[in-house]
Every structure is written in structure tokens, then in C-alpha cells.
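In: starting from these lines, generate the structure:
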Amino acid sequence: MRINALFCAIFMLYFSSCHCSANWLEASQTATLLVDGSPTSRKIPDTMFGIFFEEINHAGAGGLWAELVSNRGFEAGGPTTPSNIDPWSIIGNETNIIVRTDRTSCFSRNEVALRMEVLCDIEGSITCPTGGAGIYNPGYWGMNIEQGKTYKLTMYVRSMDAVNLSVSLTSSDGLQNLATANIVTAALDMANWTKVKLPLEAKGANVNSRLQITTAQKGIIWLDQVSLMPLDTYKGHGFRAGLVSMLADLKPRFIRFPGGSYVEGEWLRNAFRWRETVGPWEERPGHFGDVWKYWTDDGLGYYEFLQFAEDLGASPVWVINNGISHNDQVDTSTIPAFVQDALDSIEFARGDPDSKWGSVRASMGHPEPFGLKYVALGNQDCWKKNYRGNYLKFYYAIKAAYPDIQLVSNCDGSAGKLDHPADLYDFHLYTSGNDMFARAHQFDRTSRSSTGPKAFVSEYAATGSNVGKGNLFSALAQAGFLIGLEINSDVVEMASNAPLFVNGNDRRWSPDAIVFNSWQEYGTPTYWMQHFFKESSGAILHPTTLKTSSSNLIASAITWQSTEDTSSYLKIKIVNFGGDNVNLKIVVSGLQNVVNSSRSTTTVLTSKNLMDENSFKEPNKVVPLQNMLQNAGTNMDVVIGPHSLTSFDLALSETNYWSAI
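Out: As a prediction, this is how the structure comes out:
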């Protein structure tokens, strides 16, 4: 659509950014951007931009993984009894019911079960309260139950007595009944542990619900591994659909998992152990993530991470523990067991279905190998005493067995040559917004050696007091840094923001890209900033020359092709990190295709205040706004508003459409 001068002036006053002919608006600064659009320009790596997942902020347990029950196996206190059953609570009081844990489960790797002794009855000296006595689980700060949807309940039950259990989904106070099913058996029918499956179809809705298991019949009942999963998970694989859809919209080319410090643990005894997270979910022991201080049942395990990457069409990047935690480490002389563990993990992902670990994967429903090609050896461990010695043991063993796997070192190779072999080196950057923007030139002086490892910027974020919980300032600082990575994509192979998720009820780290609770989710400005780069992976990078006296401007240009209709676009991105309007002349040369102005657009991420954030109350306060680009062509005069990220997508056509010159 066409934007007249009056509308553009109003638009600029409100959004602090506009792209109109220079003679319409007086800009405070002037600049020229020269773009060489010739097709011989350099290709950006196919894996350039992806995502990094870590179990932090309840990102997986209570977030990405759709399991609604928290501490489903009553194991959160560890293998000893009595165990910590929080957040399970009793319905009734001590005269009605006694609840404790013991080690009588049928699962050898998680022996803790719940013993529920009901003292009351329908009649007699101790009568049960209305609705019966029992236990309830509120999930992760409330379960979101939606009317008309079906939830799959699975649990294990044992009792020598007759069983008459009511399983319900209710409001947090128990007064609103949303769904109910009954389990009724005669005495001794469940003398052995029995797996029970029930569908619960919600007749009402409540975003703060709980699961109740009650009875009005005297007796002793053991319960274990109580799970409640919605049926409508992403591709049926157990992931929360809304959160995964937001990630899919970013078109990530890789996913790095499972951390982060989560991989290391404060102590090795609490580090992520992949073997403990595969096989039937009921048999997984779970573990305490002592870095971020909460228990995970490990329903979201190694297999699920691989499946998640496949569902997103992204390459998995598997981060292994190399015998080092935050506080203890294995000596290189005794590291072979850890090396074999790493080899076994790769066999699980890539082995034939008749191999030892490939058969375990096949038994879980995925006979075909996963496409694992990247393995990171440790996380932020380069400076630790045993890292290099351990690293080399892993490196040569993995390369001997899987020569095609790309191995990632924790040591920074941006300033000088590494003293050990690597395919990639890990580069982490957490810094202030101003420094983040300046770091756009971080890799300008990195050696261009064709044999040296390239950078994997696997964790970057603008942090500090002035970025809030993820504001516009933070997003723009990171956008400038990413443009610098695009420009240096001959020496930078991959990049991902961190952290990815935060549950609004357990913010251990801030800022983050996506915020959620039991029933809502929204993207921070950092999330929306990444949308400007989702076409960059595999695109053609064009040389640009920015003529300006300002240090607050940075720009890049790529040609990308739509996967939907094969249309091609020249995308020009510009960050204005300063507080003044910029009158920018854009001159494109060398294009073989003409510009189709009727399909060209401009997209702007900005807001009235640099510190503006999104929230559950205002989830779209800072989001990109797209409009048709009037007079799109190879010679344009535009105004770039202050504190903004702007993208011009010039549609390219083989036929001779009108183009403003």
C-alpha cells in the first residue's frame, strides 16, 4: 500500500521510525549505504543461526516438556526415604489420611513410591470429608486445563485392599470439577503394581488447575509415576505446542542442548547423565540440577532432544560432560570411562537399529538414526586444569569412530591459534548492551586461515541493569552484534542466543527470549529481533559500505529465497543504536534481477521508549511492524528512526516490473 506524507509523519511521531522520501522529513544525520548485489558474493553457512536450550528457569520441566505433573515419581528428595514429595499435598487431615514414601516401587532405578493410608471411610467412627481423602498435585504453578481437550493420565497402583479411587482435574481450591474418572477393583486385583491409563476429557477450563486422587474407602494404596499429558503436543512427541511453534517460526538451523552449566553440574554427581534419561519414562530416575536448584524427572531426555531437533528440521548439537563440573573434575588418567560414555551416546543417536545403543533408540520408536553431526566437548571449561588433557582423549576417540562429526572446543580461537585440534571453537559473550553493540567488530581481525576452526557463538546476550527483563535496548544491542557475525560469517559458523526460555514463576536468569507460564507465552524484543535473521542461514551475503560519521549505525545485505514460493529477496538490515533520525541513501549495484516494488516490504522493530518491554499484560508492546515499501528500488532515500532495527525486503523478479531508480 502507499503511505502518504501525513500518515508517515504521524507514524514517525508514534513509532520513532519511518521510511519515506528524504524530502518529507528532516533527519538529524546523513549516511550512505552502498550494496554490491552481484551474485558472486559469499554464501553464509547453512547452520548460521539456531537456538540453545538449557534446563534453566524451568525451561523444560514445566515448560517445553508438556508433562503437567511435577515430581511425578515422588523422587524429588532423592533415593532415600522419607522423600520430599513437594508439590504434592494431602486432601483431608491427619485423622483422615497418612502419607509417606517408601522404597517399594517396581522400578529398580527409581524405587521411591508413595504410601497412602486412608483412615476414614464412607461411614463409621471416622468418616471421610466430602469428596474423599487423598492427594493433589498443582503441577508447575498450576495446570492449564482447556475445555474439550483430552488429557492422558498414566499411573501405577498397588493395593491388597479393594480400590475405589476417583481421579479428577479441578480448580486449585478443588471446588470446580473439570474432569473425573474412577478406578474400581476388588481386593487383591492390584496386589502387584498395575499400570493404569485413563483419558480425562475436560468439561470446563481453568488455567490454575490441579490433579486430585481421592477415595472415601479405608485402606492402604501405593502410587507411583503419576503422569498427565495433553494429547495435542507438537507432532505428538510430548512438546508444548505453543512454545515449539514460536521456535519453529524462527527457522532455527540447529539446536544446542542440554546446556550450559546444566551439563556440568555444581558437582559431577548431579551432572546430566544421558543414560539415565533414555528408555521408558517411568524407569528414569530423574536428578537434581544443582546449578539451577530444582529437580527434573528427565521426561525430557537425550532421546527427546534429538526428536525435538528433528521435528524442527534443525541439526542437533550435543554437549557432553567431559569429566568436569564446577567444583570437581576427573583426572585425564581416569577419563576413559567418560570417553566410552560419549561414544555410546553417539551410537545411541547414529547407530544401526541392531547395535547395542541403536537398538535402545529403535525400541523407543525411532529405528532410523538421528542426524547428529556436532558434538561439543564440555561447556566453558577451557581454563580448568584437566580440560585440554581430557579434551584430546575425547577428540581422537570420537574422530576415530566418527570422522565426520564436527567437534567443538571450549577454548577461544578468535584472537590466536588453538594449541589443540578442533573443528569449531565455542565463544560465549554476556556483556552490557553498549559493549555488545561494539562487539559487532569482534571477529573483524580474526585470522582468515582456511584450515583454522571457525567460531560457534553458542551463547550471547546483552545483560546488566539497563536491559531489564529483556527490553528494546537489549534487542538492538544484540542485533548489531548479529549483523557483525553475518559480515564475518567466513570465520563464524553458528550463533545462538541464551537463555531461550523462562517460566515467569521461576526466573533464575534474565533476560530471556521467550517468557511463559502454565497457559501463556510471549516473545521478548530479543525474540522478535531474531526474526530479522531467520532467512540469513544459507543466504548470499553482499558486500556493503556504510559511509557515515556515526558509530551507532551498522548494516548488512543478503539475498534469500523463500521456501514457500521460491521468490527471491534482497534483504537490507540496519540498526540505528543512536537517538537521532538518520537520513540514509541506499544505492544497490550489480543486481541481475529487477526490483518488484509491489511486493517489497519494510519491517521495523522499535518503540516509544528504549526501555520498553513486553509482558503478559502487553505481549505485543515491542514487536516488528511490516508495511509495503513505497518506491522500492536500487536507489532509495529513506529515514531510519532512532533506536530501531529496520529491514528492507526488496522482491526480485526475472521479469521487468517497474522499479524506482
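
In: low-confidence stretches in the chain?
Out: For the chain, the stretches with pLDDT under 70 are 1-27, 654-661.

In: if you set the cut-off to 80 instead, what comes out?
Out: By pLDDT under 80, the low-scoring segments of the chain are 1-28, 40, 450, 654-661.

In: all helices for this structure, in order.
Out: 5-15, 241-248, 261-264, 302-312, 336-350, 356-363, 387-401, 433-438, 472-487, 525-531 (DSSP state H).

In: nearest approach to L68 belongs to which of these?
Out: helix 241-248 (13.7 Å; C-beta to C-beta). Every residue, glycine included, has its C-beta placed from N, CA and C.

In: now that closest one, how far from the centre of its chain.
Out: Averaging C-alpha positions (C-alpha atoms, centre = their mean, to the nearest Å) puts helix 241-248 9 Å from its chain's average.

In: ok and it relative to helix 302-312, angle-wise?
Out: Using axes from the mean of the first three to the mean of the last three C-alpha atoms, to 10 degrees, the direction of helix 241-248 lies 60 degrees away from that of helix 302-312.

In: only the buried residues of stretch 124-139, if you could.
Out: For stretch 124-139, burial by neighbour count (16 or more other C-beta atoms under 10 Å) applies to C128, G131, G132, A133, G134, I135, Y136, N137, P138, G139.

In: tell me which of those is nearest to V226?
Out: Here the nearest of the buried residues of stretch 124-139 to V226, counting by C-beta to C-beta, is N137; it sits at 7.1 Å.

In: ok, the closest one - contacts?
Out: Taking C-beta atoms under 8 Å, 6 or more residues apart in numbering as the criterion, N137 is in contact with V69, S70, N71, P87, W88, R210, L211, V226.

In: ok, which pair from those residues is furthest apart?
Out: The largest separation in those, counting by C-beta to C-beta, is between N71 and R210 at 13.3 Å.

In: ok so, going back, columns distance to P79 and neighbour count on top of the contacts of N137, output as TSV?
Out: TSV is the format used below for the contacts of N137 (distance: C-beta to C-beta, whole Å; neighbours: other C-beta atoms under 10 Å):
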residue	distance to P79	neighbour count
V69	20	25
S70	19	22
N71	14	22
P87	20	16
W88	17	22
R210	27	25
L211	24	28
V226	18	23
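
In: count the neighbours of D580 for me.
Out: Here the number of neighbours of D580 (other C-beta atoms under 10 Å) works out to 15.

In: wouldn't it be in contact with P642 here?
Out: Yes. With contacts counted by C-beta atoms under 8 Å, D580 reaches P642, the gap being 5.7 Å.

In: what's the distance between S159 and P280?
Out: Separation of S159 from P280 (C-beta to C-beta, to the nearest Å) stands at 23 Å.

In: repeat for L372
Out: Distance of L372 to P280, given as C-beta to C-beta: 22 Å.

In: kindly indicate which of the buried residues of stretch 124-139 lies nearest L500.
Out: Lowest distance from L500 to these (C-beta to C-beta) belongs to G139, with 21.2 Å.

In: so what's the closest one up against?
Out: Per C-beta under 8 Å, 6+ apart, neighbours of G139: G62, L68, V69, S70, P87, S209, R210, L211, L228, S518.

In: how about those residues in CSV, adding distance to H428?
Out: Listed next are the contacts of G139 as CSV, based on distance: C-beta to C-beta, whole Å:
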residue, distance to H428
G62, 26
L68, 34
V69, 34
S70, 31
P87, 34
S209, 39
R210, 40
L211, 40
L228, 37
S518, 31
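
In: in strands, which of those fall?
Out: S209, R210, L211, L228 (DSSP state E).

In: hmm, L476 is touching L645, no?
Out: Yes. With contacts counted by C-beta under 8 Å, L476 reaches L645, the gap being 5.9 Å.

In: could you find the closest non-adjacent residue to K235?
Out: In space, and not counting its chain neighbours, K235 is closest to D311: 5.1 Å by C-beta to C-beta, 6 or more residues apart in numbering.

In: tell me the contacts of that neighbour?
Out: Counting by C-beta under 8 Å, 6+ apart, D311 touches Y234, K235, H237, F239, V244.

In: mark which of those residues are buried, thanks.
Out: Buried among those (16+ other C-beta under 10 Å): Y234, F239, V244.

In: what is the nearest of the residues you listed to S550?
Out: V244 (39.9 Å).

In: follow-up on the earlier one: make CSV out of the contacts of N137 and add distance to I97.
Out: Converted to CSV, the contacts of N137 look like this (distance: C-beta to C-beta, whole Å):
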residue, distance to I97
V69, 19
S70, 20
N71, 18
P87, 17
W88, 12
R210, 17
L211, 16
V226, 16
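
In: and the closest residue in space to T634 that isn't next to it in sequence, how far from R256?
Out: Distance criterion C-beta to C-beta, 6+ apart; nearest residue to T634, sequence neighbours excluded, is V588 at 4.1 Å. As for V588, its distance to R256 is 35 Å (criterion: C-beta to C-beta).
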